[in-house]
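Enquirer: Just need the structure, nothing else, for what follows:
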Amino acid sequence: MKKPPRRTKIIATLGPATDSPEVMRALIEAGVNLVRINMSHGNHEEQAMRIRLVQQCAKDCNKIIGILVDLQGPKIRIARFKTKEGIILSEGQSFILDASHPNGEGNEAIVGLDYLQLPGEVSTGDILLLDDGRLVLEVTSVNGSAIHCIVKVGGRLTSNKGLNRKGGGLSAPSLTDKDLKDIEFIANHAVDYVALSFPKTAQDIIEARRRVMQTGSMAKIVAKIERVEAIENIDEIIEASDALMVARGDLGVEMGYAEIPGIQKYIIRRARLCDRAVITATQMMESMIKNPIPTRAEVSDVANAILDGTDAVMLSAETATGEFPVQVVESLNEICLAAERYRLARTAKPEDDQFKRHDQAIAMAAMYVANHIPIKAIVALTESGSTPLWMSRVRSGIPIYALSRHAQTCGRVTLFRGVYPVEFDVTQYKIWEISRYALDTLIKQNILEPGDKVIVTKGDILGIGGFTNALKILTAQPL
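Expert: The predicted structure follows:
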């Protein structure tokens with residue numbers, strides 16, 4: 001068998017820097033497993049072009065690349081200033097945020113807001129953080145639509161910068177009118193995941209799923225954890241979602257940057273225990289937007305997320321607008337491989353945990369066997385992708401190949417740690433010959449070699465999800 005592939009998945013955000021076929025193919029060859037379409041930027045025509053581009057380049061490279069669409073959500077922003085350069089705020093000066101101030105008329109003393117309800121949700125003493133926490137204001141009073149502040153940490157402030165309240169608590173809804181239009185756009189494209197920004201409760205996830213399903217899309221829901229309230233309701237959010245994203249930008253602003261490492265480890269651990277995939281995101285390799293090599297701190301940051309058990313690490317501006325999109329993926333790939341050499345095989349679930357489904361029990365049994373005898377690979381014949389997901393919750397260096405006839409399932413498993421999609425239609429074969437043809441397919445794709453010992457899991461009922469009930473130890477042989 002050839003050397004097992006990298007287990008941690010890499011997500012690259014698409015943007016102007018990735019819009020050429022040459023760069024896109026290079027990103028895929030460098031190791032990208034999924035791409036992120038950020039709906040905060042660009043229009044539907046541009047994003048549709050990027051989806052078509054990645055699909056064509058994936059086909060050219062003979063790879064399956066997952067697609068994640070990231071909804072903008074209720075990003076609370078200040079309005080625009082009169083000048084493109086914005087203003088300079090100095091420590092100690094007074095400044096007003098006024099919901100009734102005309103957009104485009106901001107100056108050194110006052111600026112408007114795009115969230116008109118903000119004056120009713122803040123009070124004297126609140127700390128407001130602008131531009132990802134780079135500027136800090138303290139509320140001194142609220143008079144009607146005007147929030148009077150004093151500058152605690154100054155700097156340059158330009159138009160449309162984001163605004164957070166330290167400690168959270170703002171009531172902006174998770175789904176905006178723009179998000180609903182973007183969900184309609186998603187329905188017309190082969191999207192595997194939809195990321196919901198700023199959810200506070202499980203109900204936000206449930207509503208997003210309802211909206212997505214109404215359009216006919218089968219995309220799974222990723223909950224972006226970036227509010228204090230989301231941490232407080234983390235277990236119910238995990239239960240309602242298909243995957244999580246540790247969105248360290250806004251979460252760090254609301255909770256304080258010093259809290260993020262511990263919270264990140266907590267979210268990853270909870271997600272794995274609850275059988276959910278988890279993405280670690282924001283500033284993973286930020287310096288590589290402008291530089292061809294990462295800082296040592298960034299290398300350690302990425303490696304620690306991998307050691308914690310994250311399924312995927314995500315690049316944002318590094319690939320979307322950065323100067324070195326291919327190099328950053330190559331560097332990330334190298335860091336992942338190095339960190340994975342230090343992982344110990346151990347289960348994520350307690351040994352006395354009770355399984356609710358027999359296919360989950362088969363998945364766990366397969367991983368136990370694989371970690372105790374010399375197995376080269378696990379081959380999971382799957383309809384929905386659930387069996388390989390459960391397998392991937394167990395820490396192991398053994399590759400898991402998810403064979404499915406459904407493009408949606410193949411796209412879904414691109415996110416799962418240590419799981420690799422292979423297109424294979426079980427309905428084309430007799431029940432007794434499926435395993436032989438599955439292993440032959442993997443041999444022809446140079447994934448397995450004749451004589452490799454593997455575990456195969458499958459169901460007695462073909463073409464129906466949730467019926468995996470068999471585990472076999474087989475030796476790969478060509479037909």
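
Enquirer: all contacts plus neighbour counts: C-alpha atoms, from now on.
Expert: Noted.

Enquirer: element containing R209, please.
Expert: Assigned by DSSP states H and E, R209 belongs to helix 202-214.

Enquirer: Who are the packing partners of that helix?
Expert: Using 3 or more Cα pairs under 8 Å, 6 or more residues apart in numbering; DSSP states H and E as the contact test, the elements touching helix 202-214 are helix 177-186, strand 220-225, helix 234-240.

Enquirer: Pull the distance from that helix to the chain's centre.
Expert: Mean-position distance between helix 202-214 and its chain equals 18 Å (Cα atoms, centre = their mean, to the nearest Å).

Enquirer: avg pLDDT for that helix?
Expert: Averaging pLDDT along helix 202-214 gives 97.

Enquirer: Please find the angle between the direction vectors of it and helix 177-186.
Expert: 40 degrees (axes from the mean of the first three to the mean of the last three Cα atoms, to 10 degrees).

Enquirer: re earlier: pick the most buried one from the helices and strands packed on helix 202-214.
Expert: Among those, ranked by average contacts under mean count of other Cα atoms under 10 Å, first place goes to strand 220-225 (a mean of 26).

Enquirer: That one to helix 202-214, inter-axis angle?
Expert: Going by the same axes, to 10 degrees, strand 220-225 makes 150 degrees with helix 202-214.

Enquirer: Tell me the buried residues in the very next helix or strand once past strand 220-225?
Expert: Next along the chain after strand 220-225, taking DSSP H and E as the criterion, comes helix 228-232. Residues of helix 228-232 classed as buried by neighbour count (16 or more other Cα atoms under 10 Å): 228-231.

Enquirer: could you dump helix 228-232 to CSV, C-alpha only?
Expert: Below are the C-alpha coordinates for helix 228-232, written out as CSV (Å, rounded to 0.1, in the frame of the first residue of the first chain):
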residue,chain,number,x,y,z
VAL,A,228,-20.5,34.0,24.0
GLU,A,229,-24.0,32.7,24.0
ALA,A,230,-22.9,29.8,21.6
ILE,A,231,-20.4,28.7,24.2
GLU,A,232,-23.0,28.8,26.9
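
Enquirer: by contact count, what packs against that helix?
Expert: helix 248-255.

Enquirer: could you redo the last one with a cut-off of 10 Å?
Expert: Contact partners of helix 228-232 among helices and strands, from 3 or more Cα pairs under 10 Å, 6 or more residues apart in numbering; DSSP states H and E: strand 220-225, helix 234-240, helix 248-255, helix 260-273.

Enquirer: Now tabulate these in TSV and tack on distance to I431.
Expert: Below are these laid out as TSV (distance: least, Cα to Cα, whole Å):
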stretch	distance to I431
strand 220-225	30
helix 234-240	35
helix 248-255	47
helix 260-273	33
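
Enquirer: So for G385, which of these sits nearest?
Expert: The closest of the helices and strands packed on helix 228-232 to G385 is strand 220-225. By Cα to Cα, the value is 11.7 Å.

Enquirer: Would you pull up how far that closest one lies from the middle of the chain?
Expert: 7 Å.

Enquirer: can you state the direction angle for it and helix 260-273?
Expert: Going by the same axes, to 10 degrees, strand 220-225 makes 150 degrees with helix 260-273.

Enquirer: From the buried residues of helix 228-232, pick the one nearest K181.
Expert: So of the buried residues of helix 228-232, ranked by how close each gets to K181 (Cα to Cα), first place is A230, at 24.3 Å.

Enquirer: I'd say that closest one and P199 touch.
Expert: Yes. When contacts are counted by Cα atoms under 10 Å, A230 is listed as touching P199 (6.5 Å).

Enquirer: I447 versus the nearest residue to K453 once chain neighbours are set aside, what's the distance?
Expert: Among residues not flanking K453 along the chain, T475 sits closest, at 4.5 Å (Cα to Cα, 6 or more residues apart in numbering). Going from T475 to I447 by Cα to Cα, to the nearest Å gives 14 Å.

Enquirer: Need the overlap of contacts for these two.
Expert: Residues touching both T475 and I447 (Cα atoms under 10 Å, 6 or more residues apart in numbering): L439.

Enquirer: Do a quick rundown of the strands in the stretch 251-400 of the chain.
Expert: Residue ranges of the strands in the stretch 251-400 of the chain, as given by DSSP state E, counting those that start in this stretch, are 277-281, 312-315, 377-381, 400-404.

Enquirer: Each with direction, which strands does the second one pair with?
Expert: Sheet partners assigned to strand 312-315 using DSSP bridges are listed as strand 9-13 (parallel), strand 277-281 (parallel).
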